[in-house]
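*Asks:* Take a look and give me a structure for this.
(4 chains)
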2 protein chains.
Amino acid sequence: MELSERKKKILRAVVESYIQTAEPVGSKALAQLAGLKVSSATIRNELADLTEQGYLEQPHTSAGRVPSPKGYRLYVNELMEEQRLSLEETKQINEALHLKMRELDKVIDQAGRMVSQLTNYPAFALTEGARRLTIKRFDLILVDTASFIAVVMTDSSVVKNKLFRLPAELSEPQLQLLTTLLNTAFVGKTLDQLTPELMRVAEHAAGSSYGLISLVVSFAMEVLDSLESSAVYTAGASHILDHPEYQDVGKAQKLMSYLSEDRSLAQALALPALEGDDTKILIGPENVADELKDTSVVLASYDIGDGMKGVIGVVGPTRMDYAKVAAKLSCVADGLSKLFGQPELPPSAPEKEE
Amino acid sequence: MELSERKKKILRAVVESYIQTAEPVGSKALAQLAGLKVSSATIRNELADLTEQGYLEQPHTSAGRVPSPKGYRLYVNELMEEQRLSLEETKQINEALHLKMRELDKVIDQAGRMVSQLTNYPAFALTEGARRLTIKRFDLILVDTASFIAVVMTDSSVVKNKLFRLPAELSEPQLQLLTTLLNTAFVGKTLDQLTPELMRVAEHAAGSSYGLISLVVSFAMEVLDSLESSAVYTAGASHILDHPEYQDVGKAQKLMSYLSEDRSLAQALALPALEGDDTKILIGPENVADELKDTSVVLASYDIGDGMKGVIGVVGPTRMDYAKVAAKLSCVADGLSKLFGQPELPPSAPEKEE
DNA sequence: CTTTAGCACTCAGGAAGAACGAGTGCTAAA
DNA sequence: TTTAGCACTCGTTCTTCCTGAGTGCTAAAG
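*Replies:* A predicted model of the protein is given here:
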């Protein structure tokens, strides 16, 4: 059953006042606040209805009303006005994202910190790690006779390198041979195709410098592994202490330690986010994880490129300023997508890397 | 004036009991605990003396005694038994350090997390960034006609790379030329020697592909910058909530937000640590930073190689299990030093990189 | 049928006081 | 110098009481 316009107006006023003050809202305060020209008694009747229908709750008989998860949900779906960030804010966010070394993990970590700082809630960011990557190319560069650099490139155009020191001397032709060998034997293989047998065959062909093969290949395996496995970054956990619902140290601690368990966080949050496109809001019991049953989560997903996605989000009490948080979050997520998506060329700024 | 043996024994018992229970210690409890065959009345007299001399404090008249910073100091200097970790523990720590991709920042970050987990206190790790690095060598690898990889190596043998995409085609000879140019013009230069003029001269020499010079060089500058600037990693801030002295949310929050300010932390802690060699303990007011006046800090330094050092440490209430913490910390610091110091060769594990 | 004023009722939170008890300092005897 | 004894202090805890915000219900007014 649809709620009357007046009920909606009242519900909205309750939610917004409660978001601001964290105090249960009484009928008298609402009479002024909601912009309705009715008395507090009338509002009391409406409040009673809303409470009965499950949109509001009463902490105790003689207190005002507080939104229930259902109430928040209605608010978020229908009542909330989408906030626009000012152009200036948007610009600031994007500039901040562009700073410093542009390594994938650093940018995402940075984005998480930024979101946390922007919203005053703990934030997290994670990257999906589903795709099976393959090796696209090896290069070996001789530094001096006792060391060389191995450069490994994957089919997602990520490039990593590593310096190796050797006990014996190594000549340029030997290195050439090794490079060709690596490129013929291991290019196009995924992580699990890099079997010990394959290694043995290649080592055999390598002759005297057979030991190097396994060194370089295991480095390549490390690279693939680290790129394929998803990573979790959390930031600003201490912000939960800012909010009165976590004055109770026990509660705060529970949530904090949950947030620092990378695995469970990833599991609980990756799933819901990756379905939809835009921002997604999970209110209290809508969360699958028990630990989050009385917190809310706002998520936004971003594209890393190559069809891979990541999720960035914040965690906070159900009394959260959803409008603001959602706006900021989606701005950052957009910024990230653009950052990874833009085809950078010499005259402008450079692009994608490690 | 030296304390009598008995007084020391009593002081030690007070400290150790208080470290365990976080409760002020009374004379009666001490009579049993301290292993002295004297009555509680005698102990009371001694306690009165110790209090007068400033080693102990009384929260209020009718409570037991609590160690003062001065008391802790004496305990740490003279009374504390150095803890040895079991071989097994040492082994576990070292194995944990060796896991995963061995990038400098990741290892140190990891070490911080480990220490925090090991000790149940918030931990931090930082690297000194004093040394002026120079570029040792450039390599450019052609991937296809529209992209190439730039590999930059510094004189500390750190190697970084980046993929560049181009709008126009690029031939192998052109790239060769570019490489030579870069290597003659920019090798051996520090960050501030890479002036715009130098760039302009080189660009001029580069002819048609002049735009690439600045791209690659600014990448090199990013590399130098990121290596020279010190980094701070914190972990396990939520652990402070474990300890009863931070039941007060306000206090906890203050400390937490201090810990998340990278800069101040670095400033406050880098100085004291880098003088000494071994572990260093700073008790309460011995800390320079105001925010740490009633917390203690245990520090250990480690070598990154190239004469550079880093510091790793934990922060906690003055009531801290100094013996345990110091032992674990120095084990991790040793592990780190070894990790960075070992000359790795093919038959064994590989070494230093990016 | 809806709105409003009035009123009795509820209940969390704070203040004030009482009882408790751990621990002290002091004194006098061993 | 050590010990037993004892009065005293003072934080903690438990009760009780009071206050006031906010409610639900009722009955009158629109």
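
*Asks:* Now for residue A:184, how many residues are close by?
*Replies:* Residues near residue A:184, counting by other Cβ atoms under 10 Å in any protein chain shown, number 11. (Glycine included, C-beta is placed from N, CA and C.)

*Asks:* Next, it: phi, psi?
*Replies:* phi -80, psi -40 (degrees, to the nearest 10).

*Asks:* What's the local residue count around the residue of the stretch 51-200 of chain A found nearest chain B?
*Replies:* Distance from chain B to each residue of the stretch 51-200 of chain A (Cβ to the nearest Cβ) is smallest for residue A:162, at 4.0 Å. Residues near residue A:162, counting by other Cβ under 10 Å, number 24.

*Asks:* Then residue A:84?
*Replies:* Residues lying near residue A:84 (other Cβ under 10 Å) number 10.

*Asks:* Where does it sit, in terms of helix or strand?
*Replies:* Using DSSP states H and E, residue A:84 sits in no helix or strand.

*Asks:* What residues does it make contact with?
*Replies:* Shown in contact with residue A:84 (Cβ atoms under 8 Å, 6 or more residues apart in numbering or on different chains): residue A:327.

*Asks:* Kindly report the same for residue A:140.
*Replies:* A:148, A:149, A:150, A:151, A:175, A:178, A:179, A:182, A:216 are the contacts of residue A:140 under Cβ under 8 Å, 6+ apart.

*Asks:* Next: residue A:36.
*Replies:* Residue A:36 touches A:6, A:9, A:10, A:43, counting by Cβ under 8 Å, 6+ apart.

*Asks:* pretty sure the first one contacts residue A:46?
*Replies:* To tie it back to what came earlier, the one meant is residue A:6. Yes. Using Cβ atoms under 8 Å, residue A:6 makes contact with residue A:46 at a distance of 6.5 Å.

*Asks:* okay, the two: which has more neighbours?
*Replies:* Shown here are residue A:6 and residue A:46; by other Cβ under 10 Å, residue A:46 has more neighbours (22 against 14).

*Asks:* any idea how far that one lies from residue A:31?
*Replies:* As judged by Cβ to Cβ, to the nearest Å, residue A:46 and residue A:31 stand 11 Å apart.

*Asks:* okay, and the helix or strand of chain A with the least pLDDT?
*Replies:* None of the helices or strands of chain A scores lower by mean pLDDT, DSSP states H and E than helix A:262-275, at a mean of 73.

*Asks:* Tell me the helix or strand right after it.
*Replies:* Next in line after helix A:262-275, if elements are assigned by DSSP H and E, sits strand A:280-282.

*Asks:* on that earlier part again, what residues are bridge-paired with the residue of the stretch 51-200 of chain A closest to chain B?
*Replies:* Residues in a beta bridge with residue A:162, per DSSP bridges, are residue A:150, residue B:353.

*Asks:* Correct me if wrong: it contacts residue A:147.
*Replies:* No. With contact defined as Cβ under 8 Å, residue A:162 and residue A:147 do not form a contacting pair (10.8 Å).

*Asks:* Now do the same contact list for residue A:63.
*Replies:* residue A:24.

*Asks:* and with 10 Å instead?
*Replies:* By Cβ atoms under 10 Å, 6 or more residues apart in numbering or on different chains, residue A:63 lies in contact with A:23, A:24, A:25, A:26, A:57.

*Asks:* go on, residue A:125?
*Replies:* Applying Cβ under 10 Å, 6+ apart, the residues contacting residue A:125 are A:105, A:107-116, A:231-235, A:300, A:302, A:310-313, A:332-333, A:336.

*Asks:* roughly how far out does the host helix or strand of it sit from the chain middle?
*Replies:* Assigned by DSSP H and E, residue A:125 belongs to strand A:123-127. Distance, stretch centre to chain centre, for strand A:123-127: 2 Å (Cα atoms, centre = their mean, to the nearest Å).

*Asks:* average model confidence for it?
*Replies:* On average, the pLDDT along strand A:123-127 is 91.

*Asks:* Next secondary structure after that strand?
*Replies:* strand A:135-144.

*Asks:* how about that next one: buried residues?
*Replies:* A:135, A:136, A:137, A:138, A:139, A:140, A:141, A:142, A:143 (16 or more other Cβ atoms under 10 Å in any protein chain shown).

*Asks:* ok so, going back, ok, of the contacts of residue A:36, which come out buried?
*Replies:* A:9, A:10, A:43.

*Asks:* tell me the contacts of the second one?
*Replies:* The contact partners of residue A:10, taken as Cβ under 10 Å, 6+ apart, are A:3-4, A:25, A:27, A:30-31, A:33-34, A:36, A:38, A:42-43, A:46-47, A:49-50, A:55-56, A:65.

*Asks:* near DNA strand C, from those residues?
*Replies:* For DNA strand C, the contacts drawn from those by Cβ under 7 Å from any atom of the strand are A:38, A:42.

*Asks:* Buried members of the contacts of residue A:10 into ChimeraX, please.
*Replies:* For the buried members of these, the matching ChimeraX selection, counting by 16+ other Cβ under 10 Å, is:
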select /A:3,25,27,30,31,34,36,43,46,47,50,55,56,65
